[in-house]
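> the sequence and its predicted three-dimensional model are supplied below.
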Amino acid sequence: MSKIKELDLLKEQLARALADYDNLRKRAETEKLSWAKFASQGILIKLLPVLDILESANSHLGDKGLEIALAEFKKILGEEGLIEVNPKSGQVFDHSDQEAIESLDGGKKGTVAEVVLPGWKFVDGPVVRVAKVKVFGKGK
């Protein structure tokens, strides 16, 4: 093999090695971001019961300071990609993000009568807690 062919082969191998290294670096960065997102999702999910307790306390106390804290709490959840599933009364019941815990008489059959506990889901991901609702089951 001539020196020129050998040099060209080495250049080609070096270019491939550099491209492989760049691809590995990009994949490692993507995986790192994915793991960080996964870890933060776990923490957010664990905080939902705390939010429920605070909202329950606020419904009994009606404290303005607690309302401000709850609004900030929900704002942060939203910034992290978590959105509330809170169907309106009369909305069609959706099995994908709601759980019927009771069937009531009256109203339009198959629609939400009342939200007992709001659900939560990630904007670009799964439902982490379905909304617990009462539905009209024997209505019109």
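That came through, no problem.

> for the spatially most central residue of the chain, which residues are in contact?
Central residue of the chain (CA atoms, centre = their mean): Phe122, 1.6 Å from the mean position. When contacts are counted by CB atoms under 8 Å, 6 or more residues apart in numbering, Phe122 touches Gln41, Gly81, Leu82, Ile83, Val128. Any C-beta I mention is one placed from the backbone N, CA and C, and that applies to glycine too.

> what's the biggest helix in the chain, counting residues?
Scanning the chain for the helix with the most residues, using DSSP state H, yields helix 3-61.

> could you point out which element follows that one?
Sequence-wise, the next helix or strand downstream of helix 3-61 (DSSP states H and E) is helix 64-79.

> low-confidence ranges, the protein, go.
Within the chain, the stretches with pLDDT under 70 are 36, 38-39, 138-140.

> and the nearest residue to Gln98 once chain neighbours are set aside, how far from Val116?
Of all residues beyond its chain neighbours, the one nearest Gln98 is Ala131 (4.7 Å), with distances taken as CB to CB, 6 or more residues apart in numbering. In this view, Ala131 and Val116 are 8 Å apart by CB to CB, to the nearest Å.

> of those two, give the one with the bigger neighbour count.
More crowded of Ala131 and Val116, by other CB atoms under 10 Å: Ala131, with 23 against 12.

> which residues does the more buried one contact?
Ala131 sits next to Val85, Asn86, Pro87, Asp97, Gln98, Glu99, Val115, Leu117, Pro118, Gly119 when contact means CB under 8 Å, 6+ apart.

> could you export these as a markdown table, including distance to Leu9, secondary structure and neighbour count?
As requested, the contacts of Ala131 are exported to a markdown table (distance: CB to CB, whole Å; DSSP: H, G, I helix; E, B strand; the rest coil; neighbours: other CB atoms under 10 Å):
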| residue | distance to Leu9 | secondary structure | neighbour count |
| --- | --- | --- | --- |
| Val85 | 60 | strand | 20 |
| Asn86 | 64 | coil | 14 |
| Pro87 | 65 | coil | 20 |
| Asp97 | 58 | coil | 15 |
| Gln98 | 63 | strand | 22 |
| Glu99 | 64 | strand | 15 |
| Val115 | 69 | strand | 18 |
| Leu117 | 67 | strand | 17 |
| Pro118 | 64 | coil | 19 |
| Gly119 | 60 | strand | 21 |
